[in-house]
Every structure is written in structure tokens, then in C-alpha cells.
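coordinates only, sequence not included:
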């Protein structure tokens, strides 16, 4: 029975040490029973054994059938893992971006250093995210091994169908949109800070790049930076809510008004600077002055746009309001 | 449209799933008296249920680990064999499964219009 023993030993090689001997003993007695059934007359030949083993299955197959389903992260644990990973990564991204932005506000750096800093930030984001995910994975694997399952069942509250957002919520803001706006605002802050550190707006009126500075008192930039930071907070709130609300929209309007006013003042300085330039001609001067005078009209559009949106939001929230107004008109 | 391979693979999977729960019930129901793996296999086959040995042996061990079966090595007879028998807890579980089976079978027969 050399062939059979070789087979049994080979199966054993693919089995964990625990319980191996017992499984193999059972396998041996089973195979011998099966052989007895097949060979009715005389002793079993090598060919009989071979045929039996061939039919029974490859050693690896047989060993695998004894394995219980192994998961790195099982179906019970998986949603928990996803939740932790998502929140963790989000927190890391926000924390790194905030610290990056804050770190730049106090410093004075050139445009090249700025580029390198951004690359550095990206590298940091990647490595920190990877380490975080790795740690979470290891913890989850351990939990899986020990058979610990999160009690998510308990947290299932009665959900309120009425709290579902409308089918086509025009004020819905996607995650991607939020992240994009936040990053954009972050870049805007960094640019403002750069100008602040340089004492004004850095532009070049000639090609090749020959930087000139339009002197602007730093206080304007600081104001704009503060407004932008507040806007960042509002953007994060909007991102968490997934939609714009009356509160956030109104806040946005206030920020727009404030930055509009400050920008208007800065624009005034720019216009004066242009008019004082040796290459400035009268036509340019006049048209710029005209434009400057009409600039506040833009403000009107901004306000009207915001008010319309807010009114729309309020009406959506209170559909009875429109009925009330309609009925009120009828009765009048 | 699925290829013939994908189709037969799916059929295979669905058939397997259908049988998986049934095999547990079948095995528990036949271990009132002690049996060893091979004799159980033959008994199931006699009664019309063909089960692969790759399914039965691991299943017997799993059921034993979960306390539904008891086992011991028996050295009488032509060679040592591992015998399994249903445990008291196993009998309770079997009774529940039987109830469930009767309900389901009745419902399915109605649904599929099987007389």
C-alpha cells in the first residue's frame, strides 16, 4: 500500500498541524473500506489503488475540502472596515490640508517653494493614508481571527422615511464637488498669503516673466484670507450635510459680500496703479474707470442670485407657504 | 448572453447552494445510530441522496465541532473507524430543522404545483 501511504502523507502536507493525524487516520480507513468494496475477488492491485486515488481527488483538493471558509476580513466585519477606513482617510486628508494651509499663512515663500510644498503635501497624504490603511487592515484581521463582530445591529435605529431628501434635490452637493471647492479655496488662500508676503499683487506686464508688485497693504489680504478660512469651515459643513441649506447659503452670501467689498477696494488700488503706469493711455484709463464704477453692479447680481436660491430653498422646505400665498391672493 | 461555460458554472453554483442546507438535514437525520463516514455515505446513497465524500467528511467534523454530533474511534471490526452519532443538542436542532423543512417543502410543492 505504498501508493496509498504516499497519498495520505501528501494530503497531510496541506493540512494544518492541529487535528491532522486524526483526519489522516479517518482518510486511511475510508480509502481501505472503499478499496474493499471495489475489489470483490482477491487482493487489490496497484492499479486498483491508483484508480481509487485518482477518483478520490488530488491531495490538495482533499485537504482544501477540510478547510473552513477563511476570510481576511469577513462579510460581518467588512462594512465596519469600510466605515472606519472612509472616516479615517477623510480625517487625515482634512487634517493634513488644514495644517498645510495654516503652516503657510505665517511664512513667506516663493512660488517655486510653494510648488515643492504642494508635492510634499501630496507625498505626505499618500504615505500617511497607506500607513493608516495598513494599520486598520491589521486590526481588522486580528478581530476576524478572534471572531469579534461589531454590534452594528444595535445601532440600527428606526429610520424616518420623511427625512429622505427629495427625488431631484437641486441643492444636493456631491462629495467630489465639495472636495474640489475646498481644494480650490485652499489654493486661493495660499495665493493670497503669497501676495501678502510679497507686499502686493505680483504680476508681469511683459514677456518674459518680469515680476512687478502692485503694492497693496497686507491688511486687505489678511481680511480676504480670514473670509476664505471661514468659507472653508462652511464648505466642510456643506460637505458633511451633502446639500446646501438656508443657513449655509446665507453664510456663503455674507462671505461673498465681505470679500466683494474688500476686492472692490483692492481693485481701486489696481486701477490707480494702472493709471499711474508710463505705458497707460487715456482710452485704457477711461475704460478702466468706467469698468470700476460699474463693478458694484456685479454685487447686485450676486445678491439677487443668492436671494433667489434662498427663497427657492425656503419654498421647498415649506410647500404650504406657496399654497398659503396662492390662497391669500384668491381671497384678496 | 452567457457563454455555455458561464451558464453551466452558474447552474453548478445554484445547484450546490440548493443542496448545501439539505445535506446537513440529511446527515443529521441518519445518525440516530452510530455510523462511520463511509457507511453514512452509502446509506444516504441508498436512500436516494448522492453526496460527495469531499462534502460529508468535513461536514461531519464541523457538526461535531458545533456540538451537534459526538464521535469516537472504534477499534473493533476489521479496522479502526471513526463513528459519529447525533448528540442531544443535535436532536433538538434536527427537530427544528425538520419543522422548517416540512413548512418549506409544503410551500414549494404548492408553488411549483407538484403533486
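Yes, it's here. A quick note: this is a predicted structure, and the numbers were derived from the prediction, not measured.

CA only for contacts and neighbour counts going forward, please
Will do.

tally up the residues packed near whichever residue of chain B sits closest to chain A, please.
Nearest to chain A in chain B, going by Cα to the nearest Cα, is residue B:58, at a distance of 5.0 Å. Counted with other Cα atoms under 10 Å in any protein chain shown, residues neighbouring residue B:58 total 19.

which residue, neighbours along the chain excluded, lies closest to it?
Nearest residue to residue B:58, sequence neighbours excluded (Cα to Cα, 6 or more residues apart in numbering or on different chains): residue A:66, at 5.0 Å.

and that neighbour, backbone torsions?
Torsion angles at residue A:66 (phi, psi; degrees, to the nearest 10) stand at phi -80, psi -10.

that one - how many residues pack around it?
Neighbours around residue A:66, by other Cα under 10 Å: 19.

rewinding a little: in a helix, the residue of chain B closest to chain A, correct?
Yes: according to DSSP: H, G, I helix; E, B strand; the rest coil, residue B:58 belongs to a helix.

what residues does chain B put near chain A?
Contact residues (Cα under 8 Å from any Cα of the partner chain) of chain B with chain A: B:37-38, B:54-55, B:57-58, B:79-82.

for chain B, give the helix that spans the most residues.
Longest among the helix segments of chain B by residue count, using DSSP state H, is helix B:4-29.

who does the next helix or strand after it touch, helix- and strand-wise?
On the C-terminal side of helix B:4-29, the closest following helix or strand by DSSP states H and E is strand B:35-36. Identification of packing neighbours for strand B:35-36 by 3 or more Cα pairs under 8 Å, 6 or more residues apart in numbering or on different chains; DSSP states H and E yields strand B:81-86.

what pLDDT does the residue nearest the centre of chain B get?
Centroid check for chain B by Cα atoms, centre = their mean gives residue B:23 as the closest residue, at 2.5 Å. In this model, residue B:23 is scored at 95, pLDDT.

swap in residue A:66?
With respect to pLDDT, residue A:66 scores 87.

which single residue of chain A ends up nearest chain B?
Taking Cα to the nearest Cα, chain B has its nearest neighbour within chain A at residue A:66, 5.0 Å off.

show me the contacts for that residue.
B:54, B:57-58 (Cα atoms under 8 Å, 6 or more residues apart in numbering or on different chains).

now render these as a markdown table, adding distance to residue A:74.
Listed next are the contacts of residue A:66 as a markdown table, based on distance: Cα to Cα, whole Å:
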| residue | distance to residue A:74 |
| --- | --- |
| B:54 | 24 |
| B:57 | 24 |
| B:58 | 21 |
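
just name the lowest-scoring one in those, pLDDT-wise.
Where pLDDT dips furthest among the contacts of residue A:66: residue B:54, at 89.

correct me, but that residue touches residue A:62?
Yes: with contact defined as Cα atoms under 8 Å, residue B:54 counts as touching residue A:62 (6.5 Å).

which one's more surrounded, those two?
Counting neighbours by other Cα under 10 Å for residue B:54 and for residue A:62 shows that residue A:62 has the greater number, 21 against 16.

for the one helix or strand the more buried one maps to, buried residues please.
If you go by DSSP H and E, residue A:62 is part of helix A:59-65. Across helix A:59-65, burial judged by 16 or more other Cα atoms under 10 Å in any protein chain shown covers A:59, A:62-65.

let me know the next secondary structure element after that helix.
Next in sequence after helix A:59-65, counting helices and strands by DSSP H and E, comes helix A:78-105.

pLDDT on that following helix, on average?
81.

kindly report the same for stretch A:281-295.
78.

who's in contact with that stretch?
Outside stretch A:281-295, the residues touching it (Cα under 8 Å, 6+ apart) are A:264, A:267-268, A:271, A:274-275.

buried subset of those residues as a ChimeraX selection?
Applying 16+ other Cα under 10 Å to these leaves a buried subset, and the ChimeraX line that selects it is:
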select /A:264,271,274,275
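
let's have the contacts of stretch A:281-295 in CSV, adding distance to chain B.
Shown next, in CSV, are the contacts of stretch A:281-295 (distance: Cα to the nearest Cα, whole Å):
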residue, distance to chain B
A:264, 64
A:267, 65
A:268, 68
A:271, 68
A:274, 69
A:275, 73
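
so which of the contacts of stretch A:281-295 belong to helices?
In this view, the contacts of stretch A:281-295 that belong to helices under DSSP H are A:264, A:267-268, A:271, A:274-275.

possible to save these as TSV with pLDDT?
What follows is the ones in helices among the contacts of stretch A:281-295, written out as TSV (pLDDT from 0 to 100):
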residue	pLDDT
A:264	86
A:267	86
A:268	86
A:271	83
A:274	81
A:275	81
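
now, among those residues, which is nearest to residue A:160?
Closest approach between those and residue A:160, by Cα to Cα: residue A:264, at 47.3 Å.

how about the helix or strand hosting residue A:230, which residues are buried there?
Per DSSP H and E: residue A:230 is located in helix A:218-241. By 16+ other Cα under 10 Å, the buried positions in helix A:218-241 come out as A:218, A:220-225, A:227-229, A:231-232, A:234-236, A:238-239.
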